[in-house]
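Engineer: any chance you could fold what I've pasted below:
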Amino acid sequence: MRRIISNDKYLFKQDPEKIFDAISDFRVYSLWWGKKVQVKLIQVTENKIGSRVEVHASGGWFRCELVSFKPFEEVCIKYYEGVQSGEGIWKINRLEDGKCELIYSIDLEPKGLLPRFLSNYINFSKIHSKAMFGLFEGLEKYLSTI
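Structural biologist: Presented below is the predicted three-dimensional model:
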């Protein structure tokens, strides 16, 4: 079994506060994750920590929980149920030219007999990175409307 590990980056012109607000609020994920991905809120907390979401994508479904954050810098996500488990970390880096670099890093373990078997033959990390590019573009479009 091969783990799903990737570090995907995208440059944004928007300020880190707007980016942080979008990546730390599960209520707006469906507005920028695209139509092929279904996002269902399970729980939303006032301070965001403990908020949970269920995501249905082409590779199956999974549930995530926001477990911690550093305002305008980092959001930590725990994948706790579904086709994968592990963690994802959003990091926002301010650049000198006024842009921001957003990085999403994952370290996931495929769950279930079929995903674990297929991970030996299919590069799920590469597939995830390709999907992330679409999410980053959706986030950029969303941020330009708020």
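Engineer: where does pLDDT dip in this protein?
Structural biologist: By pLDDT under 70, the chain has no low-scoring segment.
Engineer: how about the strands in it?
Structural biologist: Counting by DSSP state E, the chain has strands at residues 4-12, 38-43, 52-57, 60-70, 74-82, 84-94, 100-110.
Engineer: and of those, who's closest to residue 129?
Structural biologist: Minimum separation from residue 129 across the strands of the chain (C-beta to C-beta) falls at strand 4-12, 4.8 Å. For glycine as for every other residue, the C-beta is placed from the backbone atoms N, C-alpha and C.
Engineer: quick one, the closest one and strand 74-82 angle?
Structural biologist: Put simply, strand 4-12 runs at 140 degrees to strand 74-82, going by axes from the mean of the first three to the mean of the last three C-alpha atoms, to 10 degrees.
Engineer: mean neighbour count and distance to residue 127 added to the strands of the chain, as JSON lines?
Structural biologist: Shown next, in JSON lines, are the strands of the chain (neighbours: other C-beta atoms under 10 Å; distance: least, C-beta to C-beta, whole Å):
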{"stretch": "strand 4-12", "mean neighbour count": "17", "distance to residue 127": "9"}
{"stretch": "strand 38-43", "mean neighbour count": "14", "distance to residue 127": "18"}
{"stretch": "strand 52-57", "mean neighbour count": "18", "distance to residue 127": "10"}
{"stretch": "strand 60-70", "mean neighbour count": "17", "distance to residue 127": "12"}
{"stretch": "strand 74-82", "mean neighbour count": "18", "distance to residue 127": "16"}
{"stretch": "strand 84-94", "mean neighbour count": "17", "distance to residue 127": "12"}
{"stretch": "strand 100-110", "mean neighbour count": "19", "distance to residue 127": "12"}
